[in-house]
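K.L.:
Sequence plus the predicted model coming up.
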Amino acid sequence: MEMGKRSEIPPGTLYMLILKSLARLGSMHGYGIAHHVQQISDDVLQVEEGSLYPALQRMLIKGWVVAEWKQSENNRRARYYRLTPGGRKQLAHEIREFQRVMAAIVRVIQPA
């Protein structure tokens with residue numbers, strides 16, 4: 001992989017990354033979430049708008065986040081998302097599942 005090249009977000013981890021960003025920073029708009037993931041991953045991960053907003057919509061339906069319209073830092077109307085207690089519970093589940101899968105992958109790729 002080239003230095004500085006962005007990687008695709010591994011399947012099944014987008015919810016976890018969004019939930020963790022909201023748990024860490026509190027209420028945020030979509031662009032802020034995407035920017036946080038990119039920044040905290042040292043520009044390795046980039047959340048595309050085409051996957052972020054549908055994921056946020058599904059998370060609203062599932063009750064993991066709630067949203068309200070507010071003014072953004074640059075005086076634009078933006079939808080701010082906030083974690084719910086159900087979202088915190090889901091985050092813990094997502095992290096446990098991710099760690100389980102990563103441990104399995106490590107077992108497979110370790111030298112024999």
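P.N.:
Great, that's in hand. No experiment lies behind these values; they were computed from the predicted model shown.

K.L.:
Can you list the low-confidence ranges for this structure?
P.N.:
The chain contains residues with pLDDT under 70 at 1-6.

K.L.:
let's go with 50 and repeat that
P.N.:
For the chain, the stretches flagged by pLDDT under 50 are 1.

K.L.:
Would you mind finding the longest helix in it?
P.N.:
When secondary structure is assigned using DSSP state H, the longest helix within the chain turns out to be helix 85-109.

K.L.:
Where do the strands of the chain begin and end?
P.N.:
Listed from the start of the chain, the chain has strands (DSSP state E) covering 28-29, 65-71, 77-83.

K.L.:
What helices and strands are in contact with the shortest one?
P.N.:
Helices and strands in packing contact with strand 28-29 are listed as strand 77-83; criterion 3 or more Cβ pairs under 8 Å, 6 or more residues apart in numbering; DSSP states H and E. Just so you know, the C-beta spots here come from the backbone N, C-alpha and C atoms, and that holds for glycine as well.

K.L.:
This completes my enquiry, with thanks.
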